[in-house]
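1. Got a predicted structure here, sequence first:
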Amino acid sequence: MPKSLYCPAAGAAGRHSGETATATDHHAGRYRWGICALLFAATTVNYVDRQVLGVLAPELGRTYGWSETEYSHIVTAFQAAYAIGLLCAGAIIDRLGTRVGYALAIAVWSLAAMSHALVRSVTGFMGARFVLGLGESGNFPAAVKTVAEWFPQRERALATGIFNAGSNVGAILAPLIVTLAAARFGLRAGFLATSALSFAWLIAWLAIYRSPPKPALSDLSSAPANSHFRWRELLRHRQTWAIVLARLLTDPIWWFFLFWLPKFLDAQYGLSLTALGPPLVAIYLMADGGSIGGGWLAGSLLRRGWTADRARKTAMLVCAVVVVPIVFAAHAQGLWLAVALIGLAVAGHQGWSANLYTLVSDLFPSEAVASVVGLASCAGAIGGMLISTLVGWLLQSSGSYVPVFTLAASAYLAALALVQVLVPQLQPASLAAPQSR
């Protein structure tokens, strides 16, 4: 393991036996940013594998004769599995720990991503997407829990923004890798080309990651490492419902972008498979800026002496307002004006997400973080299923994207209003003693 990532005190024994690190503060600080880089890479791979279908959707639809509703069923299969997986993934990761739980999740989704190359029917694609959704459900609960364990409060939003930016990098890489592979070797190669990245990350994670030193670097952890909270205890608290409802309202907008944006550009501007690349890259580069910028903004306000409540909610308000102009995207006169409006919206969403994920670690101890993220992400995936069904029905019947863009423009402000009503001040939830394994 490189010394730049882990301290000499961890030694060979730490590498081979998995013993808790004994890093000094200096080396632990360097190591945790190395861990953040691993989380960024995992999220990138997660979105590359997830986005392959969206990139190939116009060509797959023409090849296999999918209708808009059949495509929506394939998308919904992924989201249903993602929702089901999230009900269990957070609790499993809280029980197993991030090292083992994360490794298990990425192994499942890597195999599922490869299986797309073996299927041809709508039913086959639904099955492959279902298993992919189960595996990918572990990514964000594990990543947010890792940040809560390794980073103090003042750094969490930035660390979350950095790893969350991987979703945009994945969305950028997917059209570049997939369109090149599909154009050269066929549609199935588009699915196979990305799977090796998952296995490479798995090897790196198992070789590098170790638990944080004790006492934990996180500000919140005080319970034993093998403890966890039951859902019924978490659901008693308004803090949990604030996160869950905010995700329910805003996650569907991101799901829409992931799975329907290439189809929107294809339908509106007649772009070929290879011509989709530059607009998608531009949109997700803007999203990267939003993810890191939204996390930086909250941290900057905290460093200026703002309270966590005021800093976090101000950053979320800025991000929510940035999304509003997307209401004009359906009538944009020209491709690049539409790209600019959509790029602004995805930037706002990613900045919003960085702060919403961090809000979990503001309100809950690290032993509950993955479970809360899992519950909230499940709500978001259910919302994604609903919007996929709605979009499929709307497009099949009218072909209009206007109602969806209007919904996107208002969802974040409505979600922030709910957060403010349920959590007027950021006060940590008073949880009962956690259960032990």
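-> Received the coordinates, thanks.

2. how close does the spatially most central residue of the chain get to Arg120?
-> The chain has Phe140 as the residue nearest its centroid, 5.6 Å off, counting by CA atoms, centre = their mean. As judged by CB to CB, to the nearest Å, Phe140 and Arg120 stand 31 Å apart. In this view, the C-beta of every residue, glycine as well, is placed from N, C-alpha and C.

3. Correct me if wrong: Met316 contacts Leu413.
-> No: in this structure Met316 lies outside contact range of Leu413 using CB atoms under 8 Å: 9.9 Å.

4. circling back: helix or strand for the residue nearest to the centre of the chain, which one?
-> According to DSSP states H and E, Phe140 maps onto helix 139-150.

5. The longest helix along the chain: what's the following helix or strand?
-> Taking DSSP state H as the criterion, the chain has its longest helix at helix 25-64. Per DSSP H and E, the first helix or strand lying C-terminal to helix 25-64 is helix 68-96.

6. isn't Gln79 right next to Gly133, touching?
-> Yes: counting by CB under 8 Å, Gly133 is a contact partner of Gln79 at 6.6 Å.

7. which residues do those two both contact?
-> Shared contacts of Gln79 and Gly133, defined by CB atoms under 8 Å, 6 or more residues apart in numbering, comprise Ala381.

8. Using the three-state scheme, assign Pro212.
-> Under DSSP: H, G, I helix; E, B strand; the rest coil, the three-state class of Pro212 is coil.

9. per-residue confidence for it?
-> With respect to pLDDT, Pro212 scores 75.

10. and it, how far is that from Ala368?
-> Applying CB to CB to Pro212 and Ala368 gives a distance of 17 Å.

11. which one of Met316 and Leu413 has more residues nearby?
-> Just comparing Met316 and Leu413: by other CB atoms under 10 Å the higher neighbour count belongs to Met316, 28 against 15.

12. for the helix or strand where the more buried one lies, packing partners?
-> Applying DSSP H and E as the criterion places Met316 in helix 308-323. Here helix 308-323 touches helix 153-185, helix 277-303, helix 335-363, helix 402-422, going by 3 or more CB pairs under 8 Å, 6 or more residues apart in numbering; DSSP states H and E.

13. What angle do helix 277-303 and it make with each other?
-> 160 degrees (axes from the mean of the first three to the mean of the last three CA atoms, to 10 degrees).

14. from memory Leu356 sits against Leu248, does it?
-> No: checked against CB under 8 Å, the pair Leu356 and Leu248 is beyond contact range at 11.6 Å.

15. The two: who's more crowded?
-> Neighbours around Leu356 and Leu248, counted as other CB under 10 Å, are more numerous at Leu356. The numbers are 29 against 22.
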